[in-house]
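1. Show me how the following folds:
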Amino acid sequence: MRIEEEIMDFKQQVVTALHQAIGDTIPEAQLMQLIETPKSADLGDYAFPTFSLAKVLRQAPKQIAADLVTKIDASSFEQVQAVGGYVNFFLPKVAYAHELLTTIAADPAHYGDATVGHGNVPIDMSSPNIAKPMSMGHLRSTVIGNALANILTKVGYSPIKINHLGDWGTQFGKLIVAYRKWGNEADVRRDPIHYLVQYYVQFHEEAEKDPSLDEAARAVFKQLEDGDETVTALWKWFRSASLKEFNRIYAMLGISFDSYNGEAFYNDKMDAVVAELTDKHLLHESQGAEIVDLSQYDLNPALIKKSDGATLYMTRDLAAAIYRHDHYDFVQSLYVVGNEQREHFQQLKAVLKEMGHDWADDIHHIPFGLITSGGKKLSTRKGNIILLERVLNDAIDLAQQQIADKHPDLPDAETVAHQVGVGAVIFHDLKNERLDSFDFNLEEVVRFEGETGPYVQYTNARANSILRKTTTAPAPEVALTDPSAWGVLKALGDYPDVVLRAAREYEPSVIAKYTLRLAKAFNQYYANTKVLVDDAELPARLALVKAVSLVLENALSLLGVGAPEEM
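-> Got it, this is the predicted structure:
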């Protein structure tokens, strides 16, 4: 349910009241944009600056504000007052608290739900390369894609999480040659990623001295493309062994996928794409290669086939886009891929448009910035790689140490440490706006203070601790008149709009920043209010505490972060 539908939408009421008072001088949509939130609660909850009316009415803003207050129907508000050139609106706090807390308590799991759309939304995300380790470089696509799937589900869509594995290419020729020369089956079965990477690195070292190795690799990959049984069996083994390792890390993150169709899946679907491009006279020869001219889009040409006839990423991605449209009948198709691939996706959409596929407009590249370490870009080739599994394990260990210091007798401490450590890494990624790059420092990430995941989790645990200390049941129907609760109530009421904005902008950081804001508001309230005083309003205060816990848990779940009840 959306709060606008279930309880009073006070901002809209402000706009309606103003529109009734000033007529069509300013359209309602424009009024909505002009409404401000005062910096001080003493100046109300919403404010309308009258300066925009000064030229039209040929009056001073202060006089306009004073006149408007006499014309506005204030029955829906606690108070409406003129201060300088502003009309300030004070919300009816007791009524707002009653309806908001009742709404949250009635159906907490669905508070903030909306129906802004429906239908399938494939999300291309994570996409590690087979036989290579998952590094911190894979984290962003994985957790951003997962959070977007959760957020889109909450607003009515049906996401399909696709792990487009890097499971094809000439590197498999190199890997198979290396395995046959230096490999050991028992080693690969024991620790597949470690040894397969070792063989791959050794291949490159030896190939610098012996160029015939590259020729052998090309020949083996050709055998793989032609379906040679022995080579294909090795490829399938390397793929399944790698996937088993990846899934262990995904399990740590609490992330699963609906499809693992990677590059290899589209091998038999590219000829149809090339045939369609040929039939529609879109392919042109350029220096022996075949391209699609995209000059009318101010883009570089899209390379479809190299001069040796080999197809490229573009050909494969065209096949994947067409397959996903035909198979899923999507209403949107998202690609959570780094910002450096921006032009590639612009070209992809342009080629599809040239092919006559207008649904290309429903494809969206969701770019993101880099994670750096010590200011340096993470790179496998340059040896600057940080293994994701190691980071997660280190984060869990750090969380375990802090829990042992703060709460040595905590039940199920191991599970809580996992939720806190892994949650800290996910939260730190998602609190940063997608396009921002950031430097990763594990000790800062797993702190229980500051703008961190553990701080939000600890706030939720504190709320649950308060509820455990009393036998009185929360009762949202009891009037809450405590003015110090207002900051928390306003933050709780913002949640549905926050969810909508995150969905609209494909921006999980909106949710993460919201949880920090709600947590801070609650901690400030708790520091200044004796919640457990046994008086008439105790059930209402407990309803507020319960609502904070429910909304924090809901918001954290959208990010893919756990919310332990005790820390």
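2. Now do the closest residue in space to residue 45 that isn't next to it in sequence, the pLDDT please.
-> Closest residue in space to residue 45, ignoring its immediate chain neighbours: residue 91 at 4.6 Å, by CB to CB, 6 or more residues apart in numbering. (C-beta placed from N, C-alpha, C; glycine too.) Residue 91 is assigned 92 on the pLDDT scale.
3. go on, residue 103?
-> 95.
4. can I assume it is in contact with residue 110?
-> No: in this structure, residue 103 is not within contact of residue 110 by CB atoms under 8 Å, at 10.1 Å.
5. Those two - which one has more neighbours?
-> Comparing residue 103 with residue 110 by other CB atoms under 10 Å, the one with more neighbours is residue 103, at 22 against 12.
6. Helix or strand: which one has the more buried one?
-> Assigned by DSSP states H and E, residue 103 belongs to helix 93-106.
7. Name the residues of that helix that come out as buried.
-> By 16 or more other CB atoms under 10 Å, the buried positions in helix 93-106 come out as 93, 96-105.
8. same check, this time on stretch 75-82
-> Here stretch 75-82 shows 76-77, 80-82 as buried, counting by 16+ other CB under 10 Å.
9. would you list the buried residues of helix 93-106 in JSON lines and tack on distance to residue 464?
-> Formatted as JSON lines, these follow (distance: CB to CB, whole Å):
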{"residue": "93", "distance to residue 464": "26"}
{"residue": "96", "distance to residue 464": "25"}
{"residue": "97", "distance to residue 464": "21"}
{"residue": "98", "distance to residue 464": "23"}
{"residue": "99", "distance to residue 464": "24"}
{"residue": "100", "distance to residue 464": "20"}
{"residue": "101", "distance to residue 464": "17"}
{"residue": "102", "distance to residue 464": "21"}
{"residue": "103", "distance to residue 464": "21"}
{"residue": "104", "distance to residue 464": "15"}
{"residue": "105", "distance to residue 464": "15"}
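10. Kindly indicate which of these lies nearest residue 230.
-> Closest approach to residue 230 among those (CB to CB): residue 104, at 61.3 Å.
11. residue contacts, the closest residue to residue 306 other than its chain neighbours?
-> Distances taken as CB to CB, 6+ apart put residue 289 closest to residue 306, at 5.5 Å, once the chain neighbours are dropped. Applying CB atoms under 8 Å, 6 or more residues apart in numbering to residue 289 gives the contacts 303-307.
12. and the gap between residue 289 and residue 301?
-> Using CB to CB, to the nearest Å, residue 289 is found at 9 Å from residue 301.
13. With residue 62 instead?
-> Counting by CB to CB, the gap from residue 62 to residue 301 is 62 Å.
14. if we can go back for a sec, hmm, who's touching the helix holding residue 103?
-> Taking CB under 8 Å, 6+ apart as the rule, helix 93-106 contacts 1, 3, 6-8, 10, 78, 111, 474, 476-477, 479-481, 483, 485-486, 489, 492-493, 540, 543-544, 546-547, 550-551.
15. So which of those sit within helices?
-> Among the contacts of helix 93-106, the residues falling in helices (DSSP state H) are 3, 6, 10, 486, 489, 492-493, 540, 543-544, 546-547, 550-551.
16. where's the dip in pLDDT among these?
-> Ranking those by pLDDT, residue 3 lands last with 36.
17. Give me the PyMOL select line for the ones in helices among the contacts of helix 93-106, limited to the buried ones.
-> This is how PyMOL selects the buried members of the ones in helices among the contacts of helix 93-106, with burial counted by 16+ other CB under 10 Å:
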select buried, resi 3+6+10+486+489+492+493+540+543+544+546+547+550+551
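18. quick one on the thing from earlier: what two of the contacts of residue 289 are the furthest from one another?
-> Within the contacts of residue 289, two members stand farthest from each other by CB to CB: 304 and 307, at 11.7 Å.
19. Show me which of those two is the more surrounded one.
-> Neighbours were tallied for residue 304 and for residue 307 using other CB under 10 Å; the higher tally belongs to residue 304 (23 against 11).
20. isn't there a strand covering that one?
-> Yes: per DSSP: H, G, I helix; E, B strand; the rest coil, residue 304 lies within a strand segment.
21. For it, give me the pLDDT.
-> 95.
22. close enough to count as contact, it and residue 292?
-> Yes: in this structure, residue 304 is within contact of residue 292 by CB under 8 Å, at 6.2 Å.
23. so what's residue 180 up against?
-> Contacts of residue 180 (CB under 8 Å, 6+ apart): none.
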